[in-house]
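Student: Provided below are the primary sequence and the corresponding predicted coordinates.
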There are 2 protein chains.
Amino acid sequence: MESALQAGRFDVIVLDVMMPGTDGLTLCRRLREKSATPVIMLTAAATETDRVVGLEIGADDYVTKPFSPRELLARIRVQLRRAQAAPGAGRQVPNSCYRFEGWTLDPARRTLVSPAGALVEVTSGEFDLLLAFVTHPRMILTRDQLLDLAHGRAANVFDRSIDVQVSRLRRKIEVNPSDPLLIRTVRAGGYMFTPQVDTVDQDDGP
Amino acid sequence: MESALQAGRFDVIVLDVMMPGTDGLTLCRRLREKSATPVIMLTAAATETDRVVGLEIGADDYVTKPFSPRELLARIRVQLRRAQAAPGAGRQVPNSCYRFEGWTLDPARRTLVSPAGALVEVTSGEFDLLLAFVTHPRMILTRDQLLDLAHGRAANVFDRSIDVQVSRLRRKIEVNPSDPLLIRTVRAGGYMFTPQVDTVDQDDGP
DNA sequence: GCCGTTTGTAACGCTCCGTTACAAGGTGGC
DNA sequence: GCCACCTTGTAACGGAGCGTTACAAACGGC
């Protein structure tokens, strides 16, 4: 769980109490120290005290076994709805941008600025692909990974869409698109974004 | 209840379903139209469907009779804790407004003032849409979410009304409506409001 | 009821992107 | 070196997503 939490964002965590190893209550308390992700405890430990303790510790809801799947779903939706309604919550994009080789990619504005300072028009798909690259620089990314990172979907068997997107992106950011330096092809592997990428806090000045 | 709600602020509302006159579910739904005050349904109607419906309608929790007073207290505390943790919640001063890129949106007066200081006429629908954007900046909002946030309704299958509203809004606030920077389109995703938004207490003038 | 405003829907045209096809380039066996 | 096979680059096509306009329905002020 800990490594999964490191890797990505989660909307809701449903936690059993009775588990081998660390028990759910301890996990929940530890979670609360670092994160505000909603936690629903789901457990057979159904005494009044168990429930009160679970809720006091930081759980957002407490469902006891046996439980109704529909009700659990409804309670999960309550947590999602709340996260969405909360001001400033949700998956807001970070207020910082990425710089590489003079280029600036701004996730907040979804813009790309060339070394010369010109706004380069990129399509939504090209932007997402480039964002996937700059957030994973200097590592070989398979087409599968890129498709997942950029478009959140899995690849079909003969999927060549990433190749085409890369080709289109190269035309816009490579000095010489037929001899690409930024996005290198790794034969039988995928692609690799070669520049060093710096994350800089955006100047939101007037 | 209605007059009490008019009179003051409440942190949590505990609502019975079975009541003479208007039933709790209807009350809850009506509440949700105007307010985000947490609602805990407390009732003897304990079937699975009752609970699911209650939660779907907008209740934040659903406790069935017979209930443990300690557990109810714990669940009330969960709601209080959440309200406190939510940034900007509770403190929602009616006469504060939103500023972005020189623009000022004033929810209290329902007015929009341009960077130059001119009052820009926006329709009620455009205002609600813009309000949805400024309260959820820098996150990709689906058409569904926008429709819900701005008009409180769900989308039909071929609903394009948000597109049209966005187009109309862009005409009024974008420097170059054909190359929009404030409201960006995320293809197959929705729209994103890109500026940083500051909440400022309004100067109600001399 | 009448008229102006607002808003949802339909329609058209443009852009974007996935797919396909084919050519070019790389790789390994001989 | 030569050849067959695999991988990749890119052009072209067509479908889907989107922006915009026009029009009709709904709404509100009088």
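Tutor: Yep, it's here.
Student: okay, strands next: where are they in chain A?
Tutor: Using DSSP state E, the strands of chain A run over residues A:13-15, A:39-43, A:61-64, A:96-100, A:103-106, A:111-113, A:119-120, A:140-141, A:183-186, A:190-193, A:198-201.
Student: the helix or strand of chain A with the lowest mean pLDDT: how far from the chain's middle?
Tutor: The helix or strand of chain A with the poorest confidence is helix A:2-7; it has a mean of 74 (mean pLDDT, DSSP states H and E). Centroid separation for helix A:2-7 versus its chain: 11 Å, with CA atoms, centre = their mean, to the nearest Å.
Student: contact partners of it?
Tutor: Here helix A:2-7 makes contact (CB atoms under 8 Å, 6 or more residues apart in numbering or on different chains) with A:10, A:35. Glycine gets a C-beta too; all of them are placed from N, C-alpha and C.
Student: alpha carbons only: can I get that helix in CSV?
Tutor: Only the C-alpha atoms of helix A:2-7 are listed here, as CSV (Å, rounded to 0.1, in the frame of the first residue of the first chain):
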residue,chain,number,x,y,z
GLU,A,2,2.7,2.4,0.9
SER,A,3,4.5,2.0,-2.4
ALA,A,4,1.2,2.3,-4.2
LEU,A,5,0.5,5.5,-2.4
GLN,A,6,3.9,6.9,-3.3
ALA,A,7,3.3,6.0,-7.0
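Student: that older thread, which of the strands of chain A is buried the deepest?
Tutor: With neighbours taken as mean count of other CB atoms under 10 Å in any protein chain shown, those reach their highest mean count in strand A:39-43, at a mean of 23.
Student: now what about it, what contacts it?
Tutor: With CB under 8 Å, 6+ apart as the test, strand A:39-43 has contacts from A:12-18, A:24, A:28, A:31-32, A:50, A:54, A:58-65, A:67, A:72, A:75-76, A:79.
Student: first to last residue in stretch A:137-151, what's the distance?
Tutor: 18 Å (CA to CA, to the nearest Å).
Student: ok, and what's touching it?
Tutor: In contact with stretch A:137-151 (CB under 8 Å, 6+ apart) are residues A:100, A:125, A:128-129, A:131-133, A:135-136, A:153-155, A:159, A:161-163, A:165, A:186, A:189-197.
Student: and if we set it to 7 Å?
Tutor: With contacts defined as CB atoms under 7 Å, 6 or more residues apart in numbering or on different chains, stretch A:137-151 is touched by A:128-129, A:132, A:153-155, A:159, A:162, A:186, A:189-197.
Student: in chain A, which spans are helices?
Tutor: A:2-7, A:24-34, A:48-57, A:69-85, A:124-134, A:143-151, A:161-173 (DSSP state H).
Student: which helices and strands does the third one pack with?
Tutor: Right, the one you point to is helix A:48-57. Counting contacts by 3 or more CB pairs under 7 Å, 6 or more residues apart in numbering or on different chains; DSSP states H and E, the secondary-structure elements packed against helix A:48-57 are helix A:24-34, strand A:61-64, helix B:69-85.
Student: in a markdown table, list those along with distance to DNA strand D.
Tutor: What follows is these, written out as a markdown table (distance: least, CB to the nearest atom of the strand, whole Å):
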| stretch | distance to DNA strand D |
| --- | --- |
| helix A:24-34 | 35 |
| strand A:61-64 | 34 |
| helix B:69-85 | 32 |
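Student: show me where pLDDT drops low in chain A?
Tutor: The model of chain A has pLDDT under 70 over residues A:7-8, A:45, A:84-91, A:202-206.
Student: which parts of it sit against DNA strand C?
Tutor: A:121, A:123-126, A:151, A:156, A:158-161, A:164-165, A:168, A:187 (CB under 7 Å from any atom of the strand).
Student: so among those, which ones count as buried?
Tutor: The neighbour count (16 or more other CB atoms under 10 Å in any protein chain shown) marks A:125-126, A:151, A:161, A:165 as buried among those.
Student: now do residue A:66 against chain B, distance only.
Tutor: Computed with CB to the nearest CB, to the nearest Å, the distance linking residue A:66 and chain B is 11 Å.
Student: would JSON lines of the helices and strands packed on helix A:48-57 with distance to residue A:1 be doable?
Tutor: Listed next are the helices and strands packed on helix A:48-57 as JSON lines, based on distance: least, CB to CB, whole Å:
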{"stretch": "helix A:24-34", "distance to residue A:1": "7"}
{"stretch": "strand A:61-64", "distance to residue A:1": "18"}
{"stretch": "helix B:69-85", "distance to residue A:1": "22"}
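Student: which of the ones you listed sits most buried?
Tutor: When these are compared using mean count of other CB under 10 Å, strand A:61-64 is most buried, at a mean of 20.
Student: how far off centre is that strand?
Tutor: On CA atoms, centre = their mean, the centre of strand A:61-64 falls 27 Å from that of its chain.
Student: strands paired with it, and their directions?
Tutor: strand A:39-43 (parallel) (DSSP bridges).
Student: where does chain A come near DNA strand D, residue by residue?
Tutor: Neighbours of DNA strand D within chain A, by CB under 7 Å from any atom of the strand: A:160, A:163-164, A:166-167, A:170, A:177-178, A:180, A:185-190.
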